[in-house]
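A.B. asks: coordinates only, no sequence provided:
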């Protein structure tokens, strides 16, 4: 893959390849939710006709403002970046000493560092891993932490405003109603994967739904595009999150659908391509994920 060979997509090509819903207003999002609701009911009809569990798929960009999803995703990325700054020795875990040193570097001393560490360290050991970190630092409550930043930086800039948090609640409520209906009708609800700059927000929504609706059975399925270089790490994190949370982890694995757009955008925005450099690397990553999930199923995990 040579960046010089990548050409920007025309507007017409983008409309064909991106499959992102245009946002007009919240009323239109409500109308789209009703269409997805009819899809869930249609899938339920198959349950009776063929004695199988029906599946319905939804696209989160249809149910809220895509700009809000991108803002959510930026916040989640910066939450992870902060974790990496705290993980000084790069072990994947933040010790109490590392936490204290970095907290005092980036945040004011008007909060008790020991209490903050204890709040994030849910399993009450001496270290914090990324799953604990991201479970504790939610995008809805991030503003309470960034209000104590010593200086404004990427994390504070990515923090949602009060208006954005209100719109996020409306979008979550819209999606929750669909998930509730799917659960009532015994329909599996698949959350489609979309562009990388939306995906962290979409993953967050899927994980929140799983935590609520996948306690006793699988209702919510997330989607992983295995042509993405970070997809295996995200899969492992989310499976661990479900294991610790005691709910069923369910997902769909695909290779990917937006290769041209993702590579062209990376060139345009001057960041590394998020796509594996070869088809074989994508196949290898896909097969590794399948093997991991099959092994976990064989071990009796949810």
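C.D. replies: Perfect, thanks for sending it. Note that the structure is predicted; figures quoted are calculated from it, not measured. Numbering: from 1, shown residues only.

A.B. asks: any stretches of the stretch 1-150 of the chain with poor pLDDT?
C.D. replies: Residue ranges of the stretch 1-150 of the chain with pLDDT under 70: 1-23, 48-51.

A.B. asks: now do the strands in it.
C.D. replies: 55-58, 93-95, 127-129 (DSSP state E, counting those that start in this stretch).

A.B. asks: what would those strands look like in CSV with mean neighbour count?
C.D. replies: (C-beta placed from N, C-alpha, C; glycine too.) Formatted as CSV, these follow (neighbours: other CB atoms under 10 Å):
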stretch, mean neighbour count
strand 55-58, 19
strand 93-95, 21
strand 127-129, 20
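
A.B. asks: near residue 104, how many other residues are there?
C.D. replies: Using other CB atoms under 10 Å as the criterion, residue 104 is surrounded by 12 other residues.

A.B. asks: still on that earlier bit, out of the strands of the stretch 1-150 of the chain, nearest to residue 173?
C.D. replies: Distance to residue 173, taken as CB to CB, is lowest for strand 55-58 among these, at 14.4 Å.

A.B. asks: who's in contact with the closest one?
C.D. replies: With CB atoms under 8 Å, 6 or more residues apart in numbering as the contact definition, strand 55-58 has outside contacts at 36, 39-40, 42-43, 175, 178, 182, 187-192.

A.B. asks: tell me who's in contact with residue 208.
C.D. replies: Per CB under 8 Å, 6+ apart, neighbours of residue 208: residue 172.

A.B. asks: rewinding a little: just the buried residues of the contacts of strand 55-58.
C.D. replies: Applying 16 or more other CB atoms under 10 Å to these, the neighbour count classes 36, 39-40, 43, 175, 178, 182, 187-192 as buried.

A.B. asks: report the two of those separated the most.
C.D. replies: Largest separation among the buried ones among the contacts of strand 55-58 by CB to CB: 43 and 175, giving 16.5 Å.

A.B. asks: related to what we said a few turns ago, just put the strands of the stretch 1-150 of the chain in JSON lines and tack on distance to residue 135.
C.D. replies: Listed next are the strands of the stretch 1-150 of the chain as JSON lines, based on distance: least, CB to CB, whole Å:
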{"stretch": "strand 55-58", "distance to residue 135": "24"}
{"stretch": "strand 93-95", "distance to residue 135": "14"}
{"stretch": "strand 127-129", "distance to residue 135": "10"}
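
A.B. asks: since that was my last question, I'll sign off now.
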